[in-house]
Structures are given as structure tokens and as C-alpha cells.
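J.: Sequence and predicted model, in that order:
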Amino acid sequence: MVPGGITVHAGHKLELPALASLDRLNCLLARTRYITRSSLGGPNRKTRSSSLQWRRHRHWRAPQDLLLPIAEAMGDLICHANFELVKNCEGLKCTLWFHDASKNHTRRWCMMAVCGNRAKAAAHRAKMRTNRQQRM
């Protein structure tokens, strides 16, 4: 998706016009290279012998290739997840997005340990400040 595409389409079902903005993502994904090798795996418990395994290894050609796992995760989210559940964190200074897989789909923060605790601590301080002002 083009920059800002998440902002425009998050929380909504992805329709065909939205998918037209995937060109940049697809161009990035076209650069990926894998090397497939057979290698000796660990011992098999049943046969007590080692086995051959077929493994894919990524071929890193340039520093920009470090973006490829992120692009693959984005493509997986777009194609397999419910895009209506993509939300922006409600943290005051947070810019992160997340896929809300909670049971009731009521998740508000990217991480409760960071943004959630900050929001709850700020609400508690505001409540204590209000209580102090009312007592005076």
C-alpha cells in the first residue's frame, strides 16, 4: 500500500480499488530471493537416525533487503487477516498500528505494558488532581 494507505483503509473491509495501491509492496516483494537446500536434520526419535530436511534460506543481496520480512508480513496481513480489525494505538504519542485479535475486538493500545500503562497512569494522575482541587 502507498504511504497513508493504512490510515485510509484501516477499520474498513478492503475493496478492489484499495488493492490497486499494492504496487509498491509488490515491487518490493519481487526482489526477494530464496535458496532452497537439503541439509542433515537432527536425530529422529523414532528411527534414531538423522534425516534430510528441505529448507529455504533467504539470499540477502543489499541492506534494503532487510525490509523484505516486513513486506511479507504486510502482504500476509492484507491477504489473510480481517483488515477491519486493523487499528491505530490510542497512546498519545504512539504511531503504531496493530491487528486487534482480542475476543471482543476492544483492544485500544499496541502494547498494554507501554501505551496502556501510560494512559492509565495519566488518567489516575488527572483523577487525583481533580480530587485535590475539589477538596480545596
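T.: Received, thanks. Here the structure is a predicted model, which means the values were calculated and not measured. Numbers count the residues shown, from 1 in each chain.
J.: measure stretch 81-96 end to end?
T.: 17 Å (Cα to Cα, to the nearest Å).
J.: That one: which residues count as buried?
T.: By neighbour count on 16 or more other Cβ atoms under 10 Å, the buried set for stretch 81-96 is 83, 86-89, 91, 94. Heads up, the C-betas are built off the backbone N, CA and C, glycines and all.
J.: Show me the two of these that sit farthest apart.
T.: With Cβ to Cβ as the measure, no two of those lie farther apart than 83 and 91, at 21.3 Å.
J.: what about residue 125, neighbour count?
T.: Using other Cβ atoms under 10 Å, residue 125 has 10 neighbouring residues.
J.: now the one 5 residues further on
T.: Residue 130 sits with 10 neighbouring residues when counted by other Cβ under 10 Å.
J.: Then the one 5 residues further on?
T.: One way to gauge burial is a neighbour count; for residue 135, by other Cβ under 10 Å, it gives 6.
J.: Pull the distance from the longest helix belonging to the chain to the chain's centre.
T.: Looking across the chain with DSSP state H, the single longest helix is helix 117-135. Offset of helix 117-135 from its chain centre (Cα atoms, centre = their mean, to the nearest Å): 32 Å.
J.: residues of that helix that come out buried?
T.: Neighbour-count burial for helix 117-135, counted by 16+ other Cβ under 10 Å, picks out residue 119.
J.: In CSV, list the C-alpha atoms belonging to it.
T.: Included here for helix 117-135 are C-alpha records, laid out as CSV according to Å, rounded to 0.1, in the frame of the first residue of the first chain:
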residue,chain,number,x,y,z
ASN,A,117,0.0,1.7,31.4
ARG,A,118,0.9,5.2,30.3
ALA,A,119,-2.7,6.0,29.5
LYS,A,120,-4.0,4.5,32.8
ALA,A,121,-1.3,6.3,34.8
ALA,A,122,-2.2,9.6,33.2
ALA,A,123,-5.9,9.0,33.9
HIS,A,124,-5.1,8.2,37.5
ARG,A,125,-3.0,11.4,37.9
ALA,A,126,-5.8,13.5,36.4
LYS,A,127,-8.3,11.9,38.7
MET,A,128,-6.1,12.6,41.8
ARG,A,129,-5.5,16.2,40.6
THR,A,130,-9.3,16.7,40.3
ASN,A,131,-9.9,15.2,43.7
ARG,A,132,-7.3,17.5,45.3
GLN,A,133,-8.9,20.6,43.6
GLN,A,134,-12.3,19.6,44.8
ARG,A,135,-11.1,19.3,48.5
